[in-house]
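[1] Quick check, what structure comes out for this input:
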Amino acid sequence: MDRYIQVPLSDETAETLKAGDYVYISGTIYTARDAAHKRMYEAAEAGRELPISMDHTVIYYMGPSPAKEGQVIGSAGPTTASRMDKYAPMLLDMGMKGMIGKGKRSQAVIDAIVRNKAVYFAAVGGAGALLSKCITKCEVVAYDDLGTEAIRRLTVKDFPAIVVIDKDGRNLYETAIKDYKK
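    Residues are numbered from 1 along each chain as shown. Just a heads-up that it's a prediction; the model follows:
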């Protein structure tokens, strides 16, 4: 089913998304990869405030290539989500509502998705140049010293993704294999 959704991701919207839904995301999302996740995790563990609010936030696991002249951002494809699995449960428990990446997630992340009624989206790997066309604004908001791994605030319009894991723990990677074998 095709869905057009707004972010930050409301509880109501997250609860209606089902594994296998095609979504077109519009609004504000943030980028963060390994190094930024590690810093946020360490800050939270130390009781310090995070540089962005996790409240209903969607984080895109992406580090863009440099923008060419006249572009908002360079190629903006997803990175492998499992690299953030150590940090994701804590961020989900702090209010993060969605993640965009590629690849499978650990059981700890799936449990945190279910516990927090959140969602995991997949973006198409290898399509970074096309995905960048859905980004209308980009600004570094934290950890500028990390370069491409800095946290960025993106404004997106009809950013395409697929719901892979929904709030009930239904996992498209698992169900698709079973359906294929039938």
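[2] Any stretches of the chain with poor pLDDT?
    Low-confidence segments of the chain (pLDDT under 70): 177-182.
[3] Now for Leu131: which residues touch it?
    For Leu131, the contacting residues are 75-78, 123-124, 159-160, by CB atoms under 8 Å, 6 or more residues apart in numbering. Using the backbone N, CA and C atoms, a C-beta is placed for each residue, glycine as well.
[4] How is it assigned, secondary-structure-wise?
    Following DSSP: H, G, I helix; E, B strand; the rest coil, the label given to Leu131 is helix.
[5] Chain neighbours aside, what residue packs nearest to Thr148?
    Of all residues not flanking Thr148 in the chain, Gly63 sits nearest, at 3.8 Å (CB to CB, 6 or more residues apart in numbering).
[6] Now do the same contact list for that neighbour.
    Contacts of Gly63 (CB under 8 Å, 6+ apart): 31, 33, 79, 148-149.
[7] Most neighbours out of the residues you listed, which is it?
    Thr31 (26 neighbours; other CB atoms under 10 Å).
[8] Quick check, that one in contact with Leu146.
    No. Using CB atoms under 8 Å, Thr31 is not in contact with Leu146, being 10.7 Å away.
[9] check which helix or strand covers the residue nearest to Lys104 when sequence neighbours are not counted.
    In space, Lys104 comes closest to Tyr173 once its chain neighbours are excluded; the distance is 5.6 Å by CB to CB, 6+ apart. Assigned by DSSP states H and E, Tyr173 belongs to helix 172-181.
[10] ranges for the helices of the protein?
    11-16, 34-45, 88-93, 107-116, 128-132, 172-181 (DSSP state H).
[11] Of those, which is nearest Thr155?
    helix 128-132 (12.6 Å; CB to CB).
[12] So which of the contacts of Leu131 are in strands?
    Counted as lying in strands by DSSP state E, out of the contacts of Leu131, are 159-160.
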